[in-house]
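# Predicted coordinates and the sequence they were generated for:
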Amino acid sequence: MTSRTDIFSNLSARQKEAVQHTGGPLLIVAGPGSGKTRVIAHRIAYLVSVEGIAPWRILAVTFTNKAARELRERAEGLVGGANSGLQVRTFHSFCALVLRRDGGRIGLDSAFSIYDADDQQRLVRDILEELELDPKQFAPRAILAGISDAKNKMIDDSRLSKLTKSYFEEVVARVYARYTELLGTANAVDFDDLLLRAHTLFEDHADVLETYQDRYRHVLVDEFQDTNAIQFSLARLLAAKHRNICVVGDPDQSIYSWRHADIRNLTDFQTVYPDAKVVTLDQSYRSTQTILEAASGVIANNDERLKKDLWTDNGRGSPVTVGEAYDEDEEARVVLQEINRLVDEEKYDRSEIAVMYRTNAQSRAMEAACNRHGIAYQLVGGTKFYERKEIRDTVAYLRLIVNPADDAALQRIVNVPARGISPRSVDIIRSIARSRGTSMLGVILLAGDERADDEDQGLAGALNKRALKSVRAFADLMERLIEQSIVLSVVELIDLTLERSGYKRLVQEDKERGEERWDNILELRGSASTFDGPEPRERLIEFLENVALVSDVDSLEDDQDAITLITLHQAKGLEYDAVFMIGLEEGLLPHSRSMESVADLEEERRLCYVGMTRARNRLYMFHAFQRGFRGSRGAMLPSRFLDEIPPGCVETVSIRRNTRRIGAGGARSYDPESIKRRAAAPAQAKARTGAFRVADRVTHDTFGEGIVIEAVESGGDTEVTVAFGSGNGLKKLMADFSGLKKVVPTDSTAASREDPELGDAFLDAP
DNA sequence: TTCCCCACCCATTGG
DNA sequence: GGGTGGGGAA
């Protein structure tokens, strides 16, 4: 047990207030770096040590498993006891727990599968075929988005069918109905269902809800600004009895509206709980004054916002460095050179440096550069481990063993390795299963049972002899594996499955990537070893649930001597000594798909804000003149967010001109209409016109060097739009008339390597 | 039935 | 740049 003074040591007055308010609802509005995780951990410790609440009576919900793990360790460290029974989970994992335990009440078998995005797509494709609808006209993605929308509004399929306003919506409703039915026969749920069905369970079965209400005296929700309506409702239901609900959030960091997160939860909290105490934490213990000022300057441009002034006792620190590069390769190179400098000269720890970007695709150039320069990195996401084919296949076998009704898993591996069950045979099996309202493995197992031949004219009659034999062999295989799953440990079962199914041989026979793929499987096997124990089937279910619910950041390790490459979304909640944000360009950040509405644009700005406020000491923001995407390239304009940074906080570095200018922010000017056009139609950047081409580097006597971003033939001459560097902005010129000259070569790598001006302090070659 | 290749289509962010 | 689906050859 920790003494009361330990729990309060190093807490500010505000933080103490938040820790100590334990009776009734509490809303903590916590700016970036204001020590909210600390407050939550101390609050838990206070509840346990001072108020004598048993740890297992406290439920804390976080955004990722990693955050959950860290909070649990921190809180248990404070109260001095591991495995205290303290419940720290994500909403999804909490709901899965509830459904495993009590899902029977709503007709869910405890061995239910969790369908991921891929399984969902497959299912929707099947349904479209069944309904004779063209998947080109009705994109499965769009339909799934429609279904997800409905689920998040708690609208079931029968109600949705009455609300349709267009033919498309009607299709969505029809698919939704069938989708629900088929998830039912597959004993499966999707991600939305985890929340929704737990919610339904609580609403429809008061006794079940009461068990949980009685157990959890205190409910805490972190990252509350990114919870959705169902999550808030779940939290309210759980806390209804004791009313000890504490939520922590920052409206300026709400970045998941596209996943139905609803920022209104924060404002509604006070309506739902009029007596809620509100504590605002606005002192940052993380960033320098300069970084804070820069970030505040950007976020201040959001209109839909409650004003909040962050302050800090930290020093001013270095200015925010804004840099420009020719293209993504040069950008990557310059970033790495500066990272090397920070590590060598300023003794930064590589593990305390992160490169952040808007889209995953941007990691490629960074990775390539890291590999070229021999710099160790941790990539978050990327080719996600659990999405690799060999991993998904292995997991599909296990899923099918646990839940034989899991048609998505079956269809994945029924003919992997090839065992003579053709797509045609699979179609037949599926249609028989559908017409009987059973699972596909059910149909297959019947066909494998000689005694069932008479009554099973369906499959035995529909398949030719050879195919039927193959199907029976598969039935035998699965039957054996299912039998063994009762006695074998997870690891043993994985071994047996890989051996008997022939999957091991299949992978190892792959000459090119076999070794790597087998290593991946071994890694999966390794992670299964922690799920050893009595009742192996239960452990297997746990293991599979873990696999389904991991997030990419969960595997991020803090103590590796490697820099981190991460998307801005995933960086939420993390912090680093030095942060490099790359790709600060119109169309990328803000993203072109988010530039149509003010709400979307403001979310992009919050995303930018989240990135900036991850930094403790140093913040770098880069943009490139040109960037490749989908095989082609296009000219890019600096992000408007760069112009929003107060000039006093910025140091601009021009790579090409070997200059550093203090306070150069806001000097740029450009035509917003042209930005919109460019963002909307990046393909037109490829158009070739006359002697001047989009993306050509050019020089002009007065304006200096620039990049052609638009070229239109006009009466013998070419009207070009050029983005000039160093604050000259966009200019429209008649090419010949103005004496514009092309700069050759345009090959970026060669050009910048040969450029003597590159000997900037910034650019000492590694 | 399987395997390979090519054409085509797609691509923001993620539990 | 990459994944997938369809078609054709073995």
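Thanks, I have the structure now. Values in this document were obtained by computation on a predicted structure and should not be read as measured data.
# For stretch A:617-635, give the mean pLDDT please.
Averaged over stretch A:617-635, pLDDT sits at 87.
# list the contacts for the residue most central in space within chain A?
The centroid of chain A falls nearest to A:Gln570 when counting by C-alpha atoms, centre = their mean (5.7 Å). Residues in contact with A:Gln570 (C-beta atoms under 8 Å, 6 or more residues apart in numbering) are A:380-381, A:552-553. Any C-beta I mention is one placed from the backbone N, CA and C, and that applies to glycine too.
# low pLDDT regions in the stretch 201-350 of chain A?
Counting by pLDDT under 70, the stretch 201-350 of chain A shows no low-confidence range.
# from it, which residue is nearest to DNA strand B?
A:Trp258 (3.8 Å; C-beta to the nearest atom of the strand).
# Ok, the stretch 601-750 of chain A next?
Closest point on the stretch 601-750 of chain A to DNA strand B, by C-beta to the nearest atom of the strand, is A:Arg630, at 2.8 Å.
# Could you list every helix and strand in contact with the helix or strand harbouring A:Val172?
According to DSSP states H and E, A:Val172 maps onto helix A:167-185. Counting contacts by 3 or more C-beta pairs under 8 Å, 6 or more residues apart in numbering; DSSP states H and E, helix A:167-185 packs against helix A:117-130, helix A:140-152, helix A:157-163.
# follow-up on the earlier one: now do the residue nearest to the centre of chain A against A:Ile7, distance only.
31 Å (C-beta to C-beta, to the nearest Å).
# Over to A:Ala418?
Taking C-beta to C-beta, one finds A:Ala418 at 62 Å from A:Ile7.
# Which one of those two is surrounded by more residues?
Taking neighbours as other C-beta atoms under 10 Å, A:Ala418 and A:Ile7 compare with A:Ile7 leading, 22 against 10.
# Wasn't that one part of a helix?
Yes. The assignment for A:Ile7 is a helix, going by DSSP: H, G, I helix; E, B strand; the rest coil.
# okay, A:Gly31: pLDDT?
96.
# I'd say it and A:Asp250 touch.
Yes. Using C-beta atoms under 8 Å, A:Gly31 is in contact with A:Asp250, at 5.8 Å.
# and the residue nearest to the centre of chain A, how far is that from DNA strand B?
For A:Gln570, the distance to DNA strand B equals 4 Å [C-beta to the nearest atom of the strand, to the nearest Å].
# Ok, A:Cys95 next?
10 Å.
# Does that residue lie in a helix or a strand, and which?
Counting by DSSP H and E, A:Cys95 is part of helix A:91-102.
# if we can go back for a sec, count of neighbours near the residue of the stretch 601-750 of chain A closest to DNA strand B?
By other C-beta under 10 Å, neighbour count at A:Arg630 equals 9.
# What's the local residue count around the nearest residue to the residue of the stretch 201-350 of chain A closest to DNA strand B once chain neighbours are set aside?
In space, and not counting its chain neighbours, A:Trp258 is closest to A:Glu603: 8.0 Å by C-beta to C-beta, 6 or more residues apart in numbering. A:Glu603 has 23 neighbours, counted by other C-beta under 10 Å.
# same check, this time on the one 5 residues further on
Neighbouring residues of A:Cys608 were enumerated by other C-beta under 10 Å; the total is 28.
# thinking again about what came up before, touching, the residue nearest to A:Trp258 and A:Asp252? I think so.
No. Taking contacts as C-beta under 8 Å, A:Glu603 lies outside contact range of A:Asp252: 10.7 Å.
# can you give me the strands for the stretch 251-400 of chain A?
With DSSP state E, counting those that start in this stretch as the criterion, the stretch 251-400 of chain A has strands at A:277-281, A:320-325, A:353-357, A:377-379.
# neighbouring strands for the second one, and are they parallel or not?
Think strand A:320-325. Here strand A:320-325 is paired, per DSSP bridges, with strand A:615-624 (parallel), strand A:650-654 (parallel).
# Same question for it: list its buried residues.
Residues of strand A:320-325 classed as buried by neighbour count (16 or more other C-beta atoms under 10 Å): A:320-325.
# can those residues go into a markdown table with extra columns for distance to DNA strand B?
A markdown table is the format used below for the buried residues of strand A:320-325 (distance: C-beta to the nearest atom of the strand, whole Å):
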| residue | distance to DNA strand B |
| --- | --- |
| A:Val320 | 23 |
| A:Thr321 | 24 |
| A:Val322 | 22 |
| A:Gly323 | 23 |
| A:Glu324 | 23 |
| A:Ala325 | 21 |
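# between these, which is nearest A:Gly297?
A:Val320 (9.9 Å; C-beta to C-beta).
# so who does the closest one touch?
A:290-291, A:294, A:612, A:619-621, A:645, A:649-651 are the contacts of A:Val320 under C-beta under 8 Å, 6+ apart.
# Now compare the residues you listed and name the two farthest from each other.
A:Met612 and A:Glu651 (14.8 Å).
# Name the residue in these two with the higher neighbour count.
More neighbours surround A:Met612 than the other of A:Met612 and A:Glu651, with 27 against 18 (other C-beta under 10 Å).
# distance of the more buried one from A:Val79?
Distance from A:Met612 to A:Val79, by C-beta to C-beta: 35 Å.
# just A:Gln270 next, same as before
In terms of C-beta to C-beta, A:Gln270 sits 31 Å off from A:Val79.
# Which one of the two is surrounded by more residues?
The neighbour comparison of A:Gln270 against A:Val79 (other C-beta under 10 Å) goes to A:Val79, with 21 against 13.
# Which per-residue confidence value corresponds to the more buried one?
86.
# Quick one: distance of stretch A:538-554 to the chain centre.
16 Å (C-alpha atoms, centre = their mean, to the nearest Å).
# what's the answer for stretch A:36-55, then?
30 Å.
# where along the stretch 151-300 of chain A do the helices fall?
A:157-163, A:167-185, A:191-204, A:206-215, A:229-239, A:264-272, A:289-299 (DSSP state H, counting those that start in this stretch).
# Let me know which of the ones you listed is tucked in deepest.
Most buried of these, by mean neighbour count (mean count of other C-beta atoms under 10 Å): helix A:289-299, with a mean of 24.
# Direction-wise, compare it with strand A:615-624 and give the angle.
Between helix A:289-299 and strand A:615-624, the angle comes out at 50 degrees (axes from the mean of the first three to the mean of the last three C-alpha atoms, to 10 degrees).
# Using a markdown table, please lay out the strands of the stretch 251-400 of chain A together with distance to A:Ala369.
Supplementary listing: these in a markdown table, determined by distance: least, C-beta to C-beta, whole Å:
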| stretch | distance to A:Ala369 |
| --- | --- |
| strand A:277-281 | 38 |
| strand A:320-325 | 11 |
| strand A:353-357 | 10 |
| strand A:377-379 | 10 |
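# can you tell which of the ones you listed is closest to A:Glu130?
That would be strand A:377-379 among the strands of the stretch 251-400 of chain A, by C-beta to C-beta, at 39.4 Å.
# From what I see, A:Ala405 and A:Leu445 are in contact.
No. A:Ala405 is beyond contact range of A:Leu445, at 11.3 Å (criterion: C-beta under 8 Å).
# pLDDT weak spots in the stretch 351-500 of chain A?
If you take pLDDT under 70 as the line, the stretch 351-500 of chain A has these spans: A:382-383, A:448-458.
# So which residues on it come close to DNA strand B?
A:358-361, A:381, A:415, A:418-425, A:464, A:466-467 (C-beta under 7 Å from any atom of the strand).
# can you do 6 Å?
Residues of the stretch 351-500 of chain A found near DNA strand B (C-beta under 6 Å from any atom of the strand) are A:359-361, A:381, A:415, A:418-420, A:422, A:424-425, A:467.
# The stretch 151-300 of chain A too?
A:191-192, A:258-259.
# next SSE after the helix or strand hosting A:Ile521?
If you go by DSSP H and E, A:Ile521 is part of helix A:514-528. Next helix or strand after helix A:514-528 toward the C-terminus (DSSP H and E): helix A:536-549.
# Work out the gap between that next one and the centre of the chain.
On C-alpha atoms, centre = their mean, the centre of helix A:536-549 falls 22 Å from the chain's centre.
# any residues touching that helix, and which ones?
Residues contacting helix A:536-549 (C-beta under 8 Å, 6+ apart): A:65, A:90, A:92-93, A:96, A:100, A:110-111, A:113-114, A:116, A:386, A:395, A:398-399, A:401-402, A:485-490, A:493, A:528, A:531-533.
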